[in-house]
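# okay, predicted coordinates and the sequence, questions at the end:
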Amino acid sequence: MEGHDVPSDVLISVVHWLRKGADNPFRELDVIRSIALKGHKYCFNDGCQVVGHLKDFKVCPQCKTARYCGAACQKEHWTAGGHKVTCGTFVAQNRHRQ
């Protein structure tokens, strides 16, 4: 990945997959490289088409699991019942583990 500004966590993922003996390490590497360079759809709102890097998506303050590109997407997904149904279960699981 020389010549690209690839985050260290992406490189660690590549090494991890290669060590695990992925079905097709070169395909896995291409997928990871693509995500690192152009971003990915991380927003939990199904209708959202925003592509970006993981660090740019805000985490739900309650469950710390769901990610959203912005407050509007988070509100739309919550109001439609998407995340509202599962958010409490994530909170309960996280509290149980502590």
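That came in fine, so what should we check first?
# could you use CA atoms for every contact and neighbour count after this?
Noted.
# could you verify that Leu29 is part of a helix?
Yes: the assignment for Leu29, made by DSSP: H, G, I helix; E, B strand; the rest coil, places it in a helix.
# state the number of residues packed around it.
Residues lying near Leu29 (other Cα atoms under 10 Å) number 20.
# using PDB, list the CA coordinates for the helix or strand hosting Val15.
Assigned by DSSP states H and E, Val15 belongs to helix 8-20. C-alpha atoms of helix 8-20 as PDB (Å, rounded to 0.1, in the frame of the first residue of the first chain):
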ATOM      1  CA  SER A   8      -2.400   1.400  10.900                       C
ATOM      2  CA  ASP A   9      -5.600  -0.300  12.000                       C
ATOM      3  CA  VAL A  10      -6.400  -1.200   8.300                       C
ATOM      4  CA  LEU A  11      -2.900  -2.600   7.900                       C
ATOM      5  CA  ILE A  12      -3.400  -4.700  11.100                       C
ATOM      6  CA  SER A  13      -6.600  -6.000   9.700                       C
ATOM      7  CA  VAL A  14      -4.900  -7.000   6.500                       C
ATOM      8  CA  VAL A  15      -2.200  -8.900   8.400                       C
ATOM      9  CA  HIS A  16      -4.900 -10.500  10.600                       C
ATOM     10  CA  TRP A  17      -6.800 -11.800   7.600                       C
ATOM     11  CA  LEU A  18      -3.700 -13.000   5.900                       C
ATOM     12  CA  ARG A  19      -2.600 -14.900   9.000                       C
ATOM     13  CA  LYS A  20      -6.100 -16.500   9.400                       C
END
